[in-house]
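*Asks:* Predicted model and sequence follow; I will ask about them next.
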Amino acid sequence: MTELSNEYKITILRYVIVSWTVICFWEHLIWLGNEFRIWRDLYAYAQHVVRRNLTRSAAELSSPVGNDLNDKTAARRLYSRRTSNATLVNSADACQSVALAGQRPPPLGRLLVILVRYTLLVCTALSFINYLGRPSDCSSIFTALWAAFAACWAFGSAIFLIRVYIIWDRSRRVLAFFLVLWIATLGGWAYDVTSYKAYTEHSIAWPDSWCVPAPDTKFRAFCWGLCLVFDFSVLTATLIKLRSGRSKKLNKAFRRRRSTSPSDEAKFDLECALPFTPCTTTRASITKQYLLHSNIAYFGIAFAVNLTCFVVELTVNDSVLSHIPSPIAFALNPVLAVRSVLVAENYIRCQMEKAEQAQAQQVSRAGIGSFSPQVSWEVCDPLEVLVGKQPASSPFLSVAEPKAAASAGSLPRASASCLPSRRMSLSVSFPMPELVEENPLEPTAKA
């Protein structure tokens, strides 16, 4: 009777495994297009690294300032130096030095997304072998399954770790705190994986045997508790920084020049009163909104799933039933982590389109003229949000570069214009002050 009841429990667990396996396969298929773009960008980044090294070698041989390019401090100083346009036009070496100094960050976020997706596929395959097949060694297959889940959690949580690090202006203290918490959680899972066992049980209805997980130790509940603490810390850090509005990386997006004319002042205030205008809802504020919403969504779902696993591991002593919430956590945690990155591009683009439409409607209703946006928005790869500082002033979005430079993925080359001027202006029927983007690469002549 006991063996028959265990068989029924295994059947229930198998249905749960099949359900989340279908979800994982479906998620992998619908995001294949984004994954292909990631592979393409990784290939472009490899080409960029090779081209950068070749250009640097040539600059060291030909340029008089080439010997100073190895010094990162000197390169950053040259990168951020503001000189006149005429000086840069007449100095090809300066243009070349600025181009060499503006290096793209490594694609860490893209690698993490790829690792999460394919580690989840490994978990799916091992679950099929374990619960739907007849493995010869039960302990090895269970150990590999939990090890794959621990790796999947590590890659997915690293995405949010880097995101919080960026939001907190690259604070080393914040990074150290979350690294300690991340390593402690991963170490707990590593200990649980190495100490886990399973056994083989013979079936009454079937001639073959199947694997039955051994009763869990209470240490696994401690691991789920560490996951809860990590998720709660990520959400708390995000709320504190975004609500306080003191993040330099997010707030330093635009600098507006206001005319001293009273009429222009009134019209400027009217423009700022319109909803979703660049004065009130800039690229940085849209990114703040997305970071806040995505982190809350991830925390709400992941916290509920991890809390369920934590409670079940503590209260349920059955070796089979205690594993039923685990496959749900296997599926939802990595799926939410990947979606929070891949959905960012579409979300920000839609918000910018809504901003232009809302502003056009407000201008037409007010009867003050026609609205013709002159903004060419190029949404930066959302993965670049997670890996470092962009050449543009905002680490999340940038005004579109020329098509040739964007398609090649290369840095500005030494030319007559050296570095293209990147400005944003909105034209209506009345004079309107200009919104100027701060760009450390753009040379501006001081009056």
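*Replies:* Done, it's in.
*Asks:* what about V180, neighbour count?
*Replies:* Residues contacting V180 under the criterion other C-beta atoms under 10 Å number 10. For the C-beta atoms, the positions are set from N, CA and C on the backbone; glycine is no exception.
*Asks:* okay, and for the stretch 201-350 of the chain, where does confidence drop off?
*Replies:* For the stretch 201-350 of the chain, applying pLDDT under 70 flags the ranges 201-217, 245-285, 345.
*Asks:* quick one, strands of it?
*Replies:* 209-213, 255-256 (DSSP state E, counting those that start in this stretch).
*Asks:* all helices for the stretch 101-250 of the chain, in order.
*Replies:* Along the stretch 101-250 of the chain, the stretches classed as helices by DSSP state H, counting those that start in this stretch are 108-127, 138-167, 172-194, 219-244, 248-251.
*Asks:* among those, which gets the worst mean confidence?
*Replies:* Per-stretch mean pLDDT for the helices of the stretch 101-250 of the chain is lowest at helix 248-251 (a mean of 48).
*Asks:* isn't I348 right next to Q289, touching?
*Replies:* No - using C-beta atoms under 8 Å, I348 is not in contact with Q289, being 9.3 Å away.
*Asks:* As JSON lines, the helices of the stretch 101-250 of the chain with distance to V305 would be great.
*Replies:* Formatted as JSON lines, the helices of the stretch 101-250 of the chain follow (distance: least, C-beta to C-beta, whole Å):
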{"stretch": "helix 108-127", "distance to V305": "15"}
{"stretch": "helix 138-167", "distance to V305": "12"}
{"stretch": "helix 172-194", "distance to V305": "15"}
{"stretch": "helix 219-244", "distance to V305": "9"}
{"stretch": "helix 248-251", "distance to V305": "29"}
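*Asks:* Leaving aside the residues adjacent along the chain, what's closest to Y347?
*Replies:* Excluding the flanking residues, the one nearest Y347 by C-beta to C-beta, 6 or more residues apart in numbering is Y290, at 5.3 Å.
*Asks:* how close does the one you found get to P325?
*Replies:* With distances taken as C-beta to C-beta, to the nearest Å, Y290 is found 29 Å from P325.
*Asks:* check contacts around A331.
*Replies:* When the contact criterion is C-beta atoms under 8 Å, 6 or more residues apart in numbering, the partners of A331 are W20, I23, C24, L120.
*Asks:* next one: L120
*Replies:* By C-beta under 8 Å, 6+ apart, the contact list for L120 reads C24, H28, C152, F330, A331, P334, V335.
*Asks:* And the residues you listed, which two are furthest apart?
*Replies:* By the measure C-beta to C-beta, H28 and F330 form the most distant pair in those, at 13.7 Å.
*Asks:* who's more crowded, these two?
*Replies:* It is F330, of H28 and F330, that has more neighbours when counted by other C-beta under 10 Å, with 25 against 17.
*Asks:* and the angle for the helix or strand where W20 lies with helix 108-127?
*Replies:* Using DSSP states H and E, W20 maps to helix 2-30. Angle between the axes of helix 2-30 and helix 108-127 is 150 degrees (criterion: axes from the mean of the first three to the mean of the last three C-alpha atoms, to 10 degrees).
*Asks:* Name the single longest helix found in the protein.
*Replies:* helix 283-315 (DSSP state H).
*Asks:* so that one versus helix 138-167, what angle?
*Replies:* For helix 283-315 against helix 138-167, the angle by the same axes, to 10 degrees is 150 degrees.
*Asks:* what angle do helix 283-315 and helix 219-244 make?
*Replies:* Using the same axes, to 10 degrees: helix 283-315 against helix 219-244 is 160 degrees.
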